[in-house]
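Student: how would this look folded up:
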Amino acid sequence: ERVLWLPVSPRKELMVLMTLADLAVGELGHSWLIAGTVHEALAMGKPLLHRREDADFQGLYPELYPMFDVKQVSDATTVLRRFVDTPAEIQAVGTAGRAWLEEHAIRRSMDLTRSLIGA
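Tutor: Residues are numbered from 1 along each chain as shown. Got it, this is the predicted structure:
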């Protein structure tokens, strides 16, 4: 009763609803680095449960964004239980994810753009 599954919805509606969420869930079936939900969760500072094989993405960034790798149901259950017991610890992963996004997807991109246009 504490999980809300949403139908396919426009992004503008999902972002509003995500402000009310404690956690976000990305892709669980396949390993992905970046997808819409990943960017949205990182931007909102939400702890992310997602599937990622880190070895597949080595060298793309100095470090990968923090998240909870969910390979099986028990992984998700563990994170949810930890959230109930220590919400600040789990939320810290979301906060660190937001910082990662600001550094790697925003600041570095802006620095590159400035260098390319001579600003």
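Student: How about the contacts made by the closest residue to Met44 other than its chain neighbours?
Tutor: Closest residue in space to Met44, ignoring its immediate chain neighbours: Met18 at 5.1 Å, by Cβ to Cβ, 6 or more residues apart in numbering. (Glycine included, C-beta is placed from N, CA and C.) When contacts are counted by Cβ atoms under 8 Å, 6 or more residues apart in numbering, Met18 touches Ala24, Glu40, Ala41, Met44, Lys46.
Student: what's the closest of these to Leu33?
Tutor: Among the contacts of Met18, Ala41 lies closest to Leu33 (Cβ to Cβ), at 13.3 Å.
Student: distance of the closest one from Val3?
Tutor: Per Cβ to Cβ, to the nearest Å, Ala41 is found 16 Å from Val3.
Student: Looking at these two, which one has more neighbours?
Tutor: Ala41 (27 against 7; other Cβ atoms under 10 Å).
Student: And the helices in this protein, which stretches?
Tutor: Along the chain, the stretches classed as helices by DSSP state H are 11-18, 36-44, 73-85, 87-100, 108-117.
Student: Can you tell me which of those is most buried?
Tutor: Looking across these with neighbours counted as mean count of other Cβ atoms under 10 Å, the highest average goes to helix 36-44: a mean of 19.
Student: Show me what that helix is packed against.
Tutor: helix 11-18, strand 24-25, strand 48-50, helix 87-100 (3 or more Cβ pairs under 8 Å, 6 or more residues apart in numbering; DSSP states H and E).
Student: For it, report the contacting residues that lie outside it.
Tutor: 11, 14-15, 18-19, 21, 24-27, 32, 47-48, 50, 65, 94, 97-98, 100-101, 105.
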